[in-house]
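>>> structure of the sequence below:
(one chain, ligands or ions: 1)
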Amino acid sequence: MLHRILIVTAVAAEADSVSTGLGLGGQELVPLPGGFVLRRHTDGTAPTGRVDVLVGGVGPAAVAAATGTALAYASMTETGADAPYDLIVSAGIAGGFVPLAPIGSIVVSASVVAADLGAQTPDGYLTVDELGFGRSAHPVPEALTGRIAAALHAGGRAHTVGPVLTVSTVTGTAGRAAELAARHPGAAAEAMEGFGVAEAAAAYGVPVVEVRAVSNAVGPRDRAAWRIGEALESLGHAFGLLGKTVFVDLDPS
Ligand SMILES: O=C(O)c1cccc(C(=O)CC[C@H]2O[C@@H](n3cnc4c(=O)[nH]cnc43)[C@H](O)[C@@H]2O)c1
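Model (predicted):
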């Protein structure tokens, strides 16, 4: 059975890739408060199941507002729903940490980490957790990452499982890339939305995972080296694989 899944992207091009990859056919546009619009895909054979795709904007704040709105809307309009969705996926393109996550490959989050939400001190960086203000990481159920990785493997799609960092400023120097990699061992990718999506998901008790296609390397800025088209194609292919496997037989626990 298809479950209730919300996939959140930053921009329309990412949402298009995901929707095309999923190949679910019919799409209904559902206007939400605040001017957000859900793309709702229903699968015809499962009246309670569906995949909603939401373009939430770039950066953790924009996407948290959009995701929170979608979750509030679903919880207020769907009677009998214990939680508005079974799973929320933060999806899009990302920078990959070299050599773990090459361009074109897929990264699946083992955790969703706010990498610059904290304070610089003379003794080093302190996270918001260490400052006593909240949390800077959301774990992803291992069973879920395992199933996503297995589906990508079976479909021949190169992938890495590791922490995915959320930053508010795209890394543009080797020094910053090294600093982030040292602070977050095993970090596979950085992007700008995952933690915002995860904060909204956590407020509603819904599991979250981030799935990213690598468009560029994390490091010195080199616009000529971005491969956005290749990454969007890879993203669509990955969601095609997930739509036929993990998303139709979901156990995120
Ligand atoms: O101007 C630059 O040097 C630059 C380099 C990479 C990406 C950008 C963007 O403005 C894209 C932001 C958008 O795409 C995701 N993304 C893709 N690559 C990265 C990255 O290396 N670091 C952080 N975010 C990345 C991100 O989630 C945004 O949605 C500009």
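>>> going by C-alpha atoms from here, please, whenever you check contacts or count neighbours.
Fine.
>>> which parts of the stretch 51-200 of the chain are helices?
Ranges of helices in the stretch 51-200 of the chain, per DSSP state H, counting those that start in this stretch, are 60-77, 128-131, 142-154, 174-183, 194-203.
>>> mind exporting the second one as PDB, just the C-alpha atoms?
Just to be clear, that refers to helix 128-131. Provided in PDB are the C-alpha atoms of helix 128-131 (Å, rounded to 0.1, in the frame of the first residue of the first chain):
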ATOM      1  CA  VAL A 128      22.900  24.900  20.400                       C
ATOM      2  CA  ASP A 129      22.700  21.700  22.400                       C
ATOM      3  CA  GLU A 130      25.900  22.500  24.100                       C
ATOM      4  CA  LEU A 131      24.700  26.100  24.700                       C
END
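>>> around the ligand, which positions in the stretch 151-253 of the chain sit nearby?
170, 171, 190, 191, 192, 193, 215, 216, 218, 221 (C-alpha under 6 Å from any ligand atom).
>>> nearest to residue 94, of those residues?
Checking these against residue 94 by C-alpha to C-alpha gives residue 191 as the nearest, at 5.0 Å.
>>> could you tell me which residues make contact with the closest one?
93, 94, 95, 164, 165, 166, 167, 170 (C-alpha atoms under 8 Å, 6 or more residues apart in numbering).
>>> any chance of the helices of the stretch 51-200 of the chain in TSV, with mean neighbour count, mean pLDDT and distance to residue 209 too?
Converted to TSV, these look like this (neighbours: other C-alpha atoms under 10 Å; pLDDT from 0 to 100; distance: least, C-alpha to C-alpha, whole Å):
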stretch	mean neighbour count	mean pLDDT	distance to residue 209
helix 60-77	19	95	14
helix 128-131	14	96	21
helix 142-154	18	96	8
helix 174-183	14	97	20
helix 194-203	25	98	8
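>>> residue 104: which of the ones you listed is closest?
Of the helices of the stretch 51-200 of the chain, nearest to residue 104 by C-alpha to C-alpha is helix 142-154, at 13.1 Å.
>>> tell me which other helices or strands that closest one touches.
strand 106-114, strand 159-166, helix 228-244 (3 or more C-alpha pairs under 8 Å, 6 or more residues apart in numbering; DSSP states H and E).
>>> buried deepest among the ones you listed, which one?
Using mean count of other C-alpha atoms under 10 Å, the stretch among the helices and strands packed on helix 142-154 with the largest mean neighbour count is strand 106-114, at a mean of 28.
>>> how far does that one sit from its chain's centre?
On the basis of C-alpha atoms, centre = their mean, to the nearest Å, strand 106-114 sits 8 Å off its chain's mean C-alpha point.
>>> what do you get for stretch 173-190?
19 Å.
>>> so where is this structure shaky, pLDDT-wise?
1-2, 25, 42-49, 79-83, 249-253 (pLDDT under 70).
>>> excluding its backbone neighbours, what's nearest the spatially most central residue of it?
Centroid-nearest residue in the chain, with C-alpha atoms, centre = their mean: residue 90, separated by 2.0 Å. The shortest distance from residue 90 to any residue that is not its chain neighbour, by C-alpha to C-alpha, 6 or more residues apart in numbering, is 4.5 Å, and that residue is residue 210.
>>> just put the residues of the stretch 151-253 of the chain next to the ligand in a markdown table and tack on distance to residue 144.
As requested, these are exported to a markdown table (distance: C-alpha to C-alpha, whole Å):
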| residue | distance to residue 144 |
| --- | --- |
| 170 | 28 |
| 171 | 29 |
| 190 | 20 |
| 191 | 20 |
| 192 | 22 |
| 193 | 20 |
| 215 | 24 |
| 216 | 26 |
| 218 | 26 |
| 221 | 33 |
